[in-house]
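[1] build me a model from this:
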Amino acid sequence: MDHSSNPILPLETLRAFEAAARTGSFSAAADKLNLTHGAISRQIAKLENWLGSRLFERGARGVSLTPEGQRLYLRTSEAFALIANTTERWSEPRGAAVVRLTSIPSIASLWLMPRLSALEQGSTQLRIVLDVDNHQVDLAEEGMDLSVRCGRGRIPGRVSLQLFEEWCFPIASPQLAKDIGQGATERLLEFPLIHDSDASGWRAWFGAQGIDYRPRAQDRRFEDYNLVLDAAAYGLGIALARPPLTVNQLASGRIVRVDQGEVLNPVAYWLDRPTGTPRPAAAELARRIAREAGVEADTVEAFLQATA
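    The predicted structure follows:
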């Protein structure tokens, strides 16, 4: 058995196996779990590789369990029955109108969440299951329909659509802004600068002003942009506004602009989907997200029809 790299199997893998074993069909399991046939097949292959044994015999009329598969099915059925019998539990929504969308915390809270209700409403009612993770996942393998991410370009193995770019400018708390005042760009270097996972935004901004910036000991780094905004709002330093993520904070006066200089961020925002034909509900959500981002309808349709 090859357990070294993955000591614990994800629940999605066992759930795919249990559904395929119970129905005797990868296609039927895909329908029940609102996934594609390929996603079920990949989950089963992952499980077989992890165990080091074949669980299904593939045939023209479906699949049947091997002796090893039968033993595992008995154990997983008992385990899922125990979970189902707990008095307090959460069941993930299922159905043709359910769309699984993944994103990082900052985009999820600052851009998607304010729009979530509107994205679900329309001629077709959708139910969005939002998966928040700082790491890029294999969309097809994890059963994700769509992803909204921040990055520098397209990712192999996905179909990508650029949603929007952002023009960044310095922001701070109203109190700190009084100390910063007006004047030459160099005055900002008298205060701590705040950035997220890397300082590329600040390097680009100062570079546009003719200054070579390198992170210093007094500067602060936070992995998530939500924390960057909180740090700026509490007067810990100067951050870069990243519209449209900062629209609400600026409108509320929690943070204010402290310099008129602005620069195009080296990264942009993307809507991704797995290769292949998206489910109707996923396609509809992609249209609604793209519409919120101001993307032309023809561009969205090309994204939905692309094969790679």
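
[2] from the chain's centroid, how far away is stretch 119-138?
    9 Å (C-alpha atoms, centre = their mean, to the nearest Å).

[3] repeat for stretch 211-228
    23 Å.

[4] what does that stretch contact?
    104-106, 109-110, 134, 185-186, 189, 192-197, 199, 202-203, 205-207, 231, 236-237, 239, 242, 245 (C-beta atoms under 8 Å, 6 or more residues apart in numbering). To be clear about C-beta, it is placed using only N, CA and C from the backbone, and glycine gets the same treatment.

[5] show residues contacting the helix or strand where Gln162 lies.
    Assigned by DSSP states H and E, Gln162 belongs to strand 158-164. Contact with strand 158-164 is made by 139, 147-148, 153-154, 244, 268-275, 286, 289-290, 293-295, 299-300, 303, 306-308, as judged by C-beta under 8 Å, 6+ apart.

[6] filter those to the buried ones?
    Buried by 16 or more other C-beta atoms under 10 Å: 139, 147-148, 244, 268-274, 286, 289-290, 293, 295, 300, 303, out of the contacts of strand 158-164.

[7] quick one: low-confidence parts of the stretch 51-200 of the chain?
    82-95 (pLDDT under 70).

[8] what average pLDDT does the helix or strand harbouring Asp31 get?
    Assigned by DSSP H and E, Asp31 falls within helix 26-33. Mean pLDDT, helix 26-33: 85.

[9] what does that helix contact?
    Contacts of helix 26-33 (C-beta under 8 Å, 6+ apart): 15-16, 19-20, 22-23, 35-37, 39-41, 44, 63, 94, 143.

[10] if you set the cut-off to 7 Å instead, what comes out?
    Contacts to helix 26-33, defined as C-beta atoms under 7 Å, 6 or more residues apart in numbering, come from residues 15-16, 19-20, 23, 36-37, 39-41, 63.

[11] if we can go back for a sec, now the strand holding Gln162: buried residues?
    For strand 158-164, burial by neighbour count (16+ other C-beta under 10 Å) applies to 158-163.

[12] sheet partners, orientation included, of it?
    Strand 158-164 has the following strand partners under DSSP bridges: strand 268-274 (antiparallel).

[13] now for the helix or strand that the strand it pairs with is followed by, which elements pack on it?
    In the C-terminal direction, the helix or strand that comes right after strand 268-274 (DSSP H and E) is helix 280-292. Judged by 3 or more C-beta pairs under 7 Å, 6 or more residues apart in numbering; DSSP states H and E, helix 280-292 is in contact with strand 98-103, helix 116-120, strand 146-151, strand 268-274, helix 297-305.

[14] contacting residues for the residue at minimal distance from the centre of the chain?
    In the chain, the C-alpha nearest the mean C-alpha coordinate belongs to Ser103, at 1.6 Å (C-alpha atoms, centre = their mean). Shown in contact with Ser103 (C-beta under 7 Å, 6+ apart): 112, 132, 147-149.

[15] rewinding a little: list the buried residues in the helix holding Asp31.
    Those would be 26, 28-33, for helix 26-33 by 16+ other C-beta under 10 Å.

[16] perfect, that will be all.
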